Every structure is written in structure tokens, then in C-alpha cells.
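Asker: got a structure for you, letters missing:
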């Protein structure tokens, strides 16, 4: 499914990102580029910094150093004419985050709202769309993630796979330029994982720009234009799925992938 | 013409019945002032409790200081401060409203903490999801955190109403005609100590007992609601 995105304009540019938690270096000099319509999958062991990288992109974590541009706009603040750094206000940051959809490992659906309201709330309150329109669009999005008929259920009444699909619809409702998936299936059993991956495959076919952190290597191989391997906060290798999975260059990538090979135990 | 006393266990029952309407009226004043103070406390306590959690750091410290002052000093001090200090800065209130304001001060001190605890008990992923979607902190507070926290607040707020009702007895020192004051007045006129105090105690207990029951009921109800709502990642 790779048509090559090298000619597409860059949507997300991450340069020399550093992030520490106390004495632990979560990200070390991470740089990554995502083009419009490109599907990038990040793999690596737990604790390798994949999630931190995603959370830095929308400033749920504030990076210590480095820069993030989304569609040419500097995330989290800007430089004044005299070169001084000006931190974005809460309102500015909120406006920037609208363009980035995020799907969490633990779904994080709004627990007090129905599936429909979970999806409609953002467009209605953040994008100030009329309520009827927001709800009609939410209905369509729920149908798109194969949840027609579940509109009025509370999150607690849905299975994990259903909750995650509502979460995907909720993120899509904001019509983001970029979708971030932070281990979206790690909390799900294989059958529910499949439901969610199918929806993500459909999004990938529609040329949604996606940055996915996952341990589902089959999905990565099938969907990704680009795969990045992280270890100890560093992006050690980036390439096409063929390069990474069939001819990994870096010893760490080789060791990591060996854990998945048949008869590896 | 004097009625012959109707005695039961040494108590003048006829007298107790006779003063009952005045006592109930005074009880209503007590409940009214307390409920008013609780409501004003909620109106102030929710934004203050919210700012205590998500506000700028200096404001958080200021609110924390205010709460420490209110909770760390005797309640009667707040009545005296409101009674003597407010007129000093040109605010003249009658006894009734002095009582309401003083009780509100007491209620706010505790309600800020109730709101804070309830907000902080909402799973942190809820706030992150709201912010990631593009909500500002105040939007996330009003649309996502507060509606979920409210359920957890209800039992604690009912308990707080009980505390406020008990604190309202202190209003007798500034001559508000609430239950304790009216009871005292009747004692000074008639010297029926035991009858009056017994009746005062029973009336307080009835109201507070009913509220305790309500608090327990809400707690059980809310608890079952809470388990259905919390920790989505475990299912």
C-alpha cells in the first residue's frame, strides 16, 4: 500500500527532542519527520520512550529541549522578534492540540457521557458547532467505527474494543491533521485487538496521517510507510517496513525483533 | 389561670408541648441558615476548589492558606470576626445575615477540601483526554472533571451540612433566633432547664439523624455508581 510519500509536504517535524523524568532520560536527541498522509509506526521495548515521544508532540509532557513543528507551526510557544521564547498560553496550546487527535492505551473515554456525547462534545464545545450538527456527525463517526446502535451506552457498558473505537471516533470528530495512537490495543485481548486494528487499517487506507506506537508488528508491517525503532529514549533506526523487519541494521533492532521470531524461545 | 403540671418521669410534659411550636420555628431558622450557608459555600467552594487544583501556583497557595486559617482556628472566632470586623469596613449586616456569612466562611473552608479531593479522585486520564482534544483547563474542569466529581462530593457535602448545623448553635452568641438561642431564652424566663434542653437536643438529633441517614444512603448509592464509572482500563 506504499505509494511513497517523499513528495508530500512535511506535516510533523521533531528535532533534537530531550526529556528527562528525574534522573531517567526518557528521550535523548529524538528527531523524526512525518509527511502528510504518511503512516509511521514506532516500535521498541516498554520504557524505550515511544509513549513519551507521542505525549511530547501534543505537550501532555513538556519537552526539556528540542522543537516540534506541526504544519509549520511551532508547538507549545513561539520565538519573539528579538529571539526570546514565549510560552504558549493555555488557550493557544488548546488551539494547537485540536489539530492532533490522540488515542490512549486506557481509552480514557469521558466516563459520565454516552458514546454519542463522547464524540459530539469536542465539536460542540471546542469547535462551537451547533449541537444538532455535532450529534449528527458523531452518529456518522460511530457508524464508521462499526458502533451504530451503541450511541446511548455509557463507556462502562461497552467492551474494551468498543470503548477504544469510540475513542478513535472522538479523536476523528475534531478533524485532526495528525492522529497519534499510544499503544491502542495493549489493554485488549486478541479478538478485541482485531476490531480496533481493522478500524485503524481503514483509516490508513484513507490516507490519514498516523503516528502509531504499538507492539503489533504484523500491523506495522502491513500499514506502515515508515517504521522507527526506539531504545532507551533514542530513535536508533528508521526505515521502510522491509528495511526494519527484513534487514535490520542496528544490533538492538535485531535483538528486539528476534524476540518475535517463531521458535525464538 | 395556671394549668396543673402533667408530669412524666419528673418532666413537665404540658410545658414541653406548649413550647414545641416556638422550638420548631427556631429549628427551621437553624436549618434555613445552615442550608443557605452550605449553598453559598458550594457556590464559592467549587470555583475555589477547582482553582486549588488547576489554578496558577500562587493562587493555589493563597487558597490553601485561607483553608488552613479557616480550619485551623475555632469556629467562634469566625463569628466574632464577621460580627465585629465587617461593620469596621463599612459592611452592616443584621444578625441573621451575619450568621449566614460566618457560617459560609466555615463551610467554604471545608468544602474547598471536599471539592479538591473529589476532583483529584477523578482518573487523571480524563483530564489528559480532555486537554489532548483541545479543551482549555477551565473547560476540562466544568465539562469533564466537575460532573464526575459531583457524585463523589454528595455524601461529604451532606456531612458538611451536619457540621454547619452544629456550628450554627454558636449564632446564639450574636442573638439570632435559632434553636439554641430560643431554648436559652425560654430557660431564662421559666427555669425549666431539663425540659428545654432535652427538647433542643432531640430536635437537633432528629434533623442530624435524618441527614446522616441521607449521607449513608448517598454514599452507598454513589459508591455503586462510582465502581461502574471508575478505572475504565481494568475492563
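Answerer: Yep, it's here. Fair warning: this is a prediction, and the values are worked out from it, not measured in the lab.
Asker: which residues in chain B form strands?
Answerer: Residue ranges of the strands in chain B, as given by DSSP state E, are B:7-8, B:11-12.
Asker: Point out the most buried one among these.
Answerer: strand B:11-12 (a mean of 16; mean count of other Cβ atoms under 10 Å in any protein chain shown). To be clear about C-beta, it is placed using only N, CA and C from the backbone, and glycine gets the same treatment.
Asker: distance of residue A:228 from chain B?
Answerer: 21 Å (Cβ to the nearest Cβ, to the nearest Å).
Asker: list the helices and strands the helix or strand of chain A with the lowest mean pLDDT packs on?
Answerer: Every helix and strand in chain A was compared by mean pLDDT, DSSP states H and E; the lowest is strand A:77-79, with a mean of 79. Judged by 3 or more Cβ pairs under 8 Å, 6 or more residues apart in numbering or on different chains; DSSP states H and E, strand A:77-79 is in contact with strand A:85-87.
Asker: For chain B, which residues score under the pLDDT cut-off?
Answerer: B:1-3, B:222-235 (pLDDT under 70).
Asker: Can you check which helix is longest in it?
Answerer: helix B:13-54 (DSSP state H).
Asker: what's the neighbour count on residue A:147?
Answerer: 24 (other Cβ atoms under 10 Å in any protein chain shown).
Asker: Look up the closest residue to it, ignoring the ones flanking it.
Answerer: residue A:165 (5.7 Å; Cβ to Cβ, 6 or more residues apart in numbering or on different chains).
Asker: wait, doesn't the one you found sit right on residue A:144?
Answerer: No. Residue A:165 is not in contact with residue A:144 according to Cβ atoms under 8 Å; the separation is 9.2 Å.
Asker: So if I had to pick from these two, which one is more boxed in?
Answerer: Between residue A:165 and residue A:144, residue A:165 has the larger neighbour count (other Cβ under 10 Å), namely 29 against 17.
Asker: who's in contact with the more buried one?
Answerer: Taking Cβ atoms under 8 Å, 6 or more residues apart in numbering or on different chains, we find residue A:165 in contact with A:145-147, A:195-196, A:199.
Asker: Need those in CSV (columns: distance to residue B:25, secondary structure and pLDDT).
Answerer: Formatted as CSV, those follow (distance: Cβ to Cβ, whole Å; DSSP: H, G, I helix; E, B strand; the rest coil; pLDDT from 0 to 100):
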residue, distance to residue B:25, secondary structure, pLDDT
A:145, 62, coil, 96
A:146, 64, coil, 96
A:147, 58, coil, 96
A:195, 65, helix, 93
A:196, 64, helix, 96
A:199, 66, helix, 96
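Asker: biggest separation within these, which pair?
Answerer: In the contacts of residue A:165, two members sit farther apart than any others by Cβ to Cβ. They are A:147 and A:196, at 11.6 Å.
Asker: before we move on, back to that, packing partners of the longest helix of chain B?
Answerer: helix B:57-71, helix B:95-121, helix B:137-140, helix B:146-167, helix B:179-190, helix B:193-229.
Asker: and the angle from the longest one to helix B:146-167?
Answerer: Here the directions of helix B:193-229 and helix B:146-167 differ by 170 degrees (axes from the mean of the first three to the mean of the last three Cα atoms, to 10 degrees).
Asker: Show the backbone phi and psi for the most centrally placed residue in chain A.
Answerer: In chain A, the centroid-proximal residue (Cα atoms, centre = their mean) is residue A:180; its distance is 1.3 Å. Dihedral angles of residue A:180 (phi, psi; degrees, to the nearest 10) stand at phi -110, psi 130.
Asker: wait, doesn't it sit right on residue A:99?
Answerer: No. Counting by Cβ under 8 Å, residue A:180 does not reach residue A:99; the two are 11.1 Å apart.
Asker: where along the stretch 101-250 of chain A do the helices fall?
Answerer: Taking DSSP state H, counting those that start in this stretch as the test, the helices found in the stretch 101-250 of chain A are A:115-125, A:131-144, A:160-172, A:190-205, A:217-223, A:241.
Asker: Please identify the buried residues of the fifth one?
Answerer: Along helix A:217-223, these residues count as buried under the neighbour rule (16 or more other Cβ atoms under 10 Å in any protein chain shown): A:217, A:219-220, A:223.
Asker: Any idea how many residues pack against residue B:36?
Answerer: Other residues close to residue B:36 by other Cβ under 10 Å number 18.
Asker: The closest residue in space to it that isn't next to it in sequence: what's it in contact with?
Answerer: Leaving aside its chain neighbours, residue B:36 sits nearest to residue B:100 (5.3 Å; criterion: Cβ to Cβ, 6+ apart). Counting by Cβ under 8 Å, 6+ apart, residue B:100 touches B:33, B:36-37, B:40.
Asker: what's around residue 143, how many residues?
Answerer: Assuming you mean chain A. Neighbours around residue A:143, by other Cβ under 10 Å: 13.
Asker: that's the wrong chain, I meant chain B
Answerer: Residue B:143: 19 neighbours (other Cβ under 10 Å).
Asker: Now do residue 115: how many residues are near it, please.
Answerer: You didn't pick a chain, so chain A it is. By other Cβ under 10 Å, 27 other residues sit near residue A:115.
Asker: other chain: chain B
Answerer: 27.
Asker: now do residue B:94
Answerer: Neighbourhood size, residue B:94 [other Cβ under 10 Å]: 9.
Asker: what's the answer for the one 4 residues further on, then?
Answerer: The local packing of residue B:98 (other Cβ under 10 Å) involves 22 other residues.
Asker: Check residue A:132 too.
Answerer: 10.
Asker: gap between it and residue A:33?
Answerer: Applying Cβ to Cβ, to the nearest Å, the value for residue A:132 to residue A:33 is 40 Å.
Asker: likewise residue B:147?
Answerer: In terms of Cβ to Cβ, residue B:147 sits 40 Å off from residue A:33.
Asker: Near residue B:157, how many other residues are there?
Answerer: 21.
Asker: In this structure it contacts residue B:111, no?
Answerer: Yes. Under the criterion of Cβ under 8 Å, residue B:157 makes contact with residue B:111 at 7.1 Å.
Asker: Need the overlap of contacts for the two.
Answerer: B:38, B:42.
Asker: So residue B:184 is in contact with residue B:171, correct?
Answerer: No. Counting by Cβ under 8 Å, residue B:184 stays clear of residue B:171, with 11.5 Å between them.
Asker: The two: which is more packed in?
Answerer: residue B:171 (27 against 14).
Asker: how many other residues sit next to the closest residue to the more buried one other than its chain neighbours?
Answerer: Leaving aside its sequence neighbours, residue B:171 sits nearest to residue B:99 (Cβ to Cβ, 6+ apart; 4.2 Å). Here the number of neighbours of residue B:99 (other Cβ under 10 Å) works out to 28.
Asker: Show me where chain A has its strands.
Answerer: Using DSSP E, strands in chain A cover A:10-21, A:24-35, A:39-44, A:65-70, A:73-74, A:77-79, A:85-87, A:100-103, A:178-182, A:210-213, A:226-231, A:234-239.
Asker: what's the pLDDT at the residue lying farthest from the centre of chain A?
Answerer: Within chain A, the residue lying farthest from the chain centre (Cα atoms, centre = their mean) is residue A:82, at 34.3 Å. On the pLDDT scale, residue A:82 is placed at 82.
Asker: what's near enough to touch it?
Answerer: Residues near residue A:82 by Cβ under 8 Å, 6+ apart: none.
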